[in-house]
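[1] Predicted model, plus sequence, below.
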Amino acid sequence: MNRYPVIASITDDDQIAKALTSGVQRVNLMTGTITNLKQIIGQLHDAGKKVYVHIEMVGGIGRDASAIQYLAEVFKVDGIVTTKSNAVAAAKQAGLASIQRIFAIDSAAVDTAIRMIKTCNPDEVELMPGLMPRIIQEMKEKIKQPLIVGGLIRHDEEIKQALASGADYVSIGDVRFW
């Protein structure tokens, strides 16, 4: 993964075919429903991709520990993406990797997020939006986890700037960058 620091952020079913043949090694899945999730994950796994399911954005998935255990056992996901710290704890119990997604809307939100990260200890952190070099640098200094940035990134130069600012990965939905 370190050789190709782009994570495909799949927000639409039409993007799945592109992800299957892309150079990305990992996808954050934010589309689908409980009825087609097994098929989508199977296709992505068969293509050699690691699949992290955003539990708040895939239809029909509960937000509790049982739902996360079900994702691990039945769907064989590699990890979850969540904004909820209790879901991070449930992922640990289920043996899944977790990405804690945070939104930097103001200084107080960033401070609260850092406290939450230190308490729940996710495997990775995703900072949204990804167009804030100073905030990326500050966040990277304050957390020990790998830092993913995403949201509002539209140009190759923005990807380069995010990585130069300290991001370990960039999550992006634009298939041109996969």
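    Thanks, I have it. Predicted model only: the values in this text are computed from it and were never measured.
[2] and for the lengthiest helix in the chain, what are the contacting residues?
    Across the chain, the longest stretch assigned as helix under DSSP state H is helix 107-120. By Cβ atoms under 8 Å, 6 or more residues apart in numbering, the residues outside helix 107-120 that reach it are 85, 88-89, 100, 102-104, 125, 135, 138-139, 142-143, 145. For the C-beta atoms, the positions are set from N, CA and C on the backbone; glycine is no exception.
[3] Leaving out the residues flanking it, which one is nearest to residue 138?
    residue 110 (7.6 Å; Cβ to Cβ, 6 or more residues apart in numbering).
[4] who wins for neighbours among the contacts of helix 107-120?
    In terms of neighbours by other Cβ atoms under 10 Å, those top out with residue 100 at 27 neighbours.
[5] For stretch 31-45, measure first residue to last.
    Distance between the boundary residues of stretch 31-45 (Cα to Cα, to the nearest Å) amounts to 16 Å.
[6] which sections of this protein are below the confidence cut-off?
    1-2 (pLDDT under 70).
[7] all strands for the protein, in order.
    Secondary structure of the chain (DSSP state E): strands located at 6-10, 26-29, 50-54, 79-82, 97-103, 124-128, 147-150, 169-172.
[8] what about those strands, which gets the closest to residue 38?
    Closest approach to residue 38 among the strands of the chain (Cβ to Cβ): strand 50-54, 11.1 Å.
[9] re the thing from before, how about the strands of the chain in JSON lines, adding distance to residue 65?
    Listed next are those as JSON lines, based on distance: least, Cβ to Cβ, whole Å:
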{"stretch": "strand 6-10", "distance to residue 65": "25"}
{"stretch": "strand 26-29", "distance to residue 65": "20"}
{"stretch": "strand 50-54", "distance to residue 65": "15"}
{"stretch": "strand 79-82", "distance to residue 65": "11"}
{"stretch": "strand 97-103", "distance to residue 65": "12"}
{"stretch": "strand 124-128", "distance to residue 65": "20"}
{"stretch": "strand 147-150", "distance to residue 65": "24"}
{"stretch": "strand 169-172", "distance to residue 65": "25"}
